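Asks: Can you look at this prediction? I've put the sequence above it.
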Amino acid sequence: MITPPGADGRVVFSDADDGDLRSDAEARVDFARRVNVRSDWATVDQVHAAAVLEVSSAGNAGEADALWTSASDLPLAIFTADCFPVVLRAPRAVGIAHAGWRGAAAGVVGKLREAMTNSGFAPERAFVGPGIGPCCFEVGADVAAHFETATGETSWGTVSVDLRSVIRGQLAGIHVWESSTCTKHDPGWYSHRSDGARERQAAIAWVGVR
């Protein structure tokens, strides 16, 4: 588990040791107890796009890749296994996004920021959790064409994309903390690219708990 600095303990990124928090209800209850939040979270059906939903209650809110809330006792969660979890914090609201290459190309993080700002909750801090690094994110020409200023090479010399830098570009002017972990080659993480993992780690964030 990672609890990033500057998050007041209200942003957490689980790892493989915490279990599959998407599908394992018992693991979710245990994890929620350890971080002192409710075990019923607000989630979405992640579709690798850029839709943003405002939520006010727990449960699945439908198809989207970002959600936000100003409710004070409502954990938000997204699930990843190489895509990037991104949390945006405002003084009285929190948002969370699932950013794979399609979402990053569609500007899902920027759209979440815009939705919160337009509702009077401009994010002041951002937290980018573990995801696949440019060292391992091999892509073809079709994907690389979406990221002309963020391409590079994998550790074995093929074309890659630095999704962290793309996400960072959608967070200009905000204080950003980011994990340096690569979920594909660093141990202890679920990775679809590494072994086709069906399990998922979770990113959970909340405004506060009464």
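Replies: Received it, and whenever you're ready, just let me know what you need.
Asks: switch to C-alpha atoms for all contacts and neighbour counts from now on
Replies: Noted.
Asks: in stretch 5-24, what counts as buried?
Replies: Neighbour-count burial for stretch 5-24 flags 7, 10-16, 18-22 (criterion: 16 or more other C-alpha atoms under 10 Å).
Asks: same question, stretch 166-182
Replies: Within stretch 166-182, the residues that count as buried by 16+ other C-alpha under 10 Å are 166, 167, 168, 170, 171, 176, 177, 182.
Asks: Relative to residue 123, which of those residues is nearest.
Replies: residue 171 (9.4 Å; C-alpha to C-alpha).
Asks: Let me see the contact set for the closest one.
Replies: Contacts of residue 171 were listed using C-alpha atoms under 8 Å, 6 or more residues apart in numbering, and they are 109, 110, 126.
Asks: just to revisit the earlier point, which one among the buried residues of stretch 166-182 gets closest to residue 48?
Replies: The closest of these to residue 48 turns out to be residue 167 (C-alpha to C-alpha; 14.4 Å).
Asks: wait, doesn't the closest one sit right on residue 109?
Replies: Yes: if you go by C-alpha atoms under 8 Å, residue 167 and residue 109 touch, sitting 6.8 Å apart.
Asks: Among the buried residues of stretch 5-24, which ones are in strands?
Replies: If you go by DSSP state E, the buried residues of stretch 5-24 have 11, 12, 13 in strands.
Asks: Including distance to residue 154 and pLDDT, could those residues go into CSV?
Replies: Formatted as CSV, these follow (distance: C-alpha to C-alpha, whole Å; pLDDT from 0 to 100):
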residue, distance to residue 154, pLDDT
11, 30, 95
12, 28, 95
13, 25, 97
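Asks: and which of those residues is nearest residue 83?
Replies: Using C-alpha to C-alpha, those come closest to residue 83 at residue 13, 12.8 Å.
Asks: ok, and the closest non-adjacent residue to that closest one?
Replies: Spatial nearest neighbour of residue 13, chain neighbours left out: residue 203 (4.5 Å); criterion: C-alpha to C-alpha, 6 or more residues apart in numbering.
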